[in-house]
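Enquirer: Generate coordinates for the sequence data below:
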Amino acid sequence: AFPTSRLSAQERPRGVLTTDLQPFFAARAWRNASWGALVVSLTYGDTLFSWRADTRFTPASNAKLFTTAAALHYLGDGYRFLTVLFADGPIANGELFGDLVLYGTGDPTFALDTASLAPFADSVVRAGIRRVRGDLVGDASYLGAELSGPGWSPDNLDQSYAAPPSALGAAENRIWLEVLPGPRVGSPATFRLDPAGDYYHISSLVLTGGPRTRRRIEVRRGQSRGVVELAGSIPVTSGGWGTWLIVQEPAVFAAQLLRQLLAARGVTFTGGTRAVTGDAPGRAQLMLQRSQGGRNDAFRGAIAVRRSATLDDIVTMINHRSHNLSAELALRSIGRVAGNAGTFASGARVVQRYLTQTVGIPPAAVQVTDGSGLSLLDEATPRSLVQLLSYERRAGGSQAFYRSLPVVGGGMQARMTETAAFGRLRAKTGTLSGVSALSGYVATVGGEELVFSLIVNHSPSTARARAVQDSVGAWLADWVRDAPVRRAAAAGN
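Expert: Okay, the predicted model is just below:
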């Protein structure tokens, strides 16, 4: 049981479900962890369970709930991102006298892979350009030069889930490096990159060892720009080993990939490949105007224009995949559109404004610093998450937001599938070291709709924390109220 004698009245669990839910959190394993929970009936408006509901916790990826709700509010569910390829100069006799510019506005779908670049290369050929007397420029000025968020742990900056967000990128701004053994013991190992290219030069001293050789591969940045050094050994019987390399200059990377495609089509350049990342408000404003216009709006010098899928589809991708890169691009796009700057700070201010002024969350209950929840400075109370979820469901919020949350047995395939929560619970997960969060909705077998938030910080095991959250979620889905109640005034308050 809880050591309630040592808890203040505010910290003690309360609500009609306390006796039922309290045991899930009572194991000795949680004595040094900090749990917060709130369960409210949207059907009747009463609070069923509350424990530290007004304590601020690190929300991890539950912060994406704030970002995606604000994005739908300020941008609209039909908003589309633009990527434009244009000639910055006249074209005559198959030659472009000027730069070829690839301009991005933070389209998460363009940055997911390399497939979007091929139609741009084809458009250059169709425009009759065979030679560019200038540079290939990757223009990421729409969102500026920031590539990591405030409060991001330095330990995460080389991880694939913390790839730098840029207005222009490709292949999720990361490259897969695979190391394979050579044909015989003592021979150099081989390697391959996906996508292939020359963004990184690989200097490898990895050798092929015998079948019992312990695989040991060290990856480090070389002293020269763009060099990655490999050292170590790999057994001849190994099927290979791989790791992600984070792209430090996404706009250059995307431009280089486009240049490779153009070279394969016979298009040559007299200049180099470079990026523009400094803030350019004038051009950004023009792109904003164009993005809200018709499909046939003309762009001066445009060779190709790509419009993304609509924002409601992108928000669904963000919340289903918990995609950090896309969430950060959404945050900074909100900042550009509603805050006049494509920075983390501008986006965070606008999201905070939405939560406090539109949703009605007290300013002290939430602190937004990035869009994905990677920041260790992000904070939210369980009540703030329940208030947002309640608002989006009942007070004129976005149905696109509700549909974006994965449902157990659908988008959430690995949790609670053999329980009453199957098809009934939809929620956003969140995980960082020592942090696990689950917030969303449950349609109970008793016919009620509940909204809930379960967060733990300083957890000794995120796997065990998820198991507790899943047990609570399954229990709530199977719950039937003993007697109906009159509807309370305001859910979540």
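
Enquirer: from memory residue 272 sits against residue 134, does it?
Expert: No - at 9.5 Å, residue 272 does not count as touching residue 134 under the criterion of CB atoms under 8 Å. C-beta here means a position set from N, CA and C on the backbone, and glycine is covered the same way.

Enquirer: what about those two, which has more around it?
Expert: Taking neighbours as other CB atoms under 10 Å, residue 272 and residue 134 compare with residue 134 leading, 20 against 11.

Enquirer: which ones are touching that one?
Expert: Residues near residue 134 by CB atoms under 8 Å, 6 or more residues apart in numbering: 88-89, 96-100, 269-271.

Enquirer: Which residue comes closest to it once chain neighbours are left out?
Expert: If the residues on either side of it in the chain are set aside, residue 134 comes closest to residue 99, at 4.0 Å by CB to CB, 6 or more residues apart in numbering.

Enquirer: Count the residues that sit near that neighbour.
Expert: 21.

Enquirer: List the beta-bridge partners for it.
Expert: Beta-bridge partners of residue 99, counted by DSSP bridges, are residue 88.

Enquirer: That one against residue 85, yeah?
Expert: No - between residue 99 and residue 85 there is no contact under CB under 8 Å: 11.2 Å.

Enquirer: hmm, back to that, can you redo the contacts of residue 134 as TSV with pLDDT and distance to residue 231?
Expert: Output for the contacts of residue 134, formatted as TSV (pLDDT from 0 to 100; distance: CB to CB, whole Å):
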residue	pLDDT	distance to residue 231
88	91	43
89	93	46
96	97	43
97	97	47
98	96	44
99	96	39
100	96	39
269	98	35
270	98	38
271	97	36
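
Enquirer: Can you add distance to residue 130 and give the residues you listed back as JSON lines?
Expert: Output for the contacts of residue 134, formatted as JSON lines (distance: CB to CB, whole Å):
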{"residue": "88", "distance to residue 130": "17"}
{"residue": "89", "distance to residue 130": "15"}
{"residue": "96", "distance to residue 130": "9"}
{"residue": "97", "distance to residue 130": "13"}
{"residue": "98", "distance to residue 130": "15"}
{"residue": "99", "distance to residue 130": "16"}
{"residue": "100", "distance to residue 130": "12"}
{"residue": "269", "distance to residue 130": "11"}
{"residue": "270", "distance to residue 130": "12"}
{"residue": "271", "distance to residue 130": "15"}
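
Enquirer: Determine which residue of this protein is most distant from the centre point.
Expert: residue 93 (44.6 Å; CA atoms, centre = their mean).

Enquirer: Quickly note the distance from that one to residue 128.
Expert: Using CB to CB, to the nearest Å, we find residue 93 at a distance of 9 Å from residue 128.

Enquirer: list the contacts for the closest residue to residue 89 other than its chain neighbours?
Expert: Leaving aside its sequence neighbours, residue 89 sits nearest to residue 98 (CB to CB, 6+ apart; 1.9 Å). By CB under 8 Å, 6+ apart, residue 98 lies in contact with 87-90, 132-134.

Enquirer: show me where the stretch 101-250 of the chain has helices.
Expert: 117-126, 250-264 (DSSP state H, counting those that start in this stretch).

Enquirer: Run a quick neighbour tally on residue 215.
Expert: 15.

Enquirer: so what's the spatially closest residue to it that is not a sequence neighbour bridging to?
Expert: For residue 215, ignoring the flanking residues on the chain, the nearest one in space by CB to CB, 6+ apart is residue 234 at 5.2 Å. Beta-bridge partners recorded for residue 234 (DSSP bridges): residue 208.
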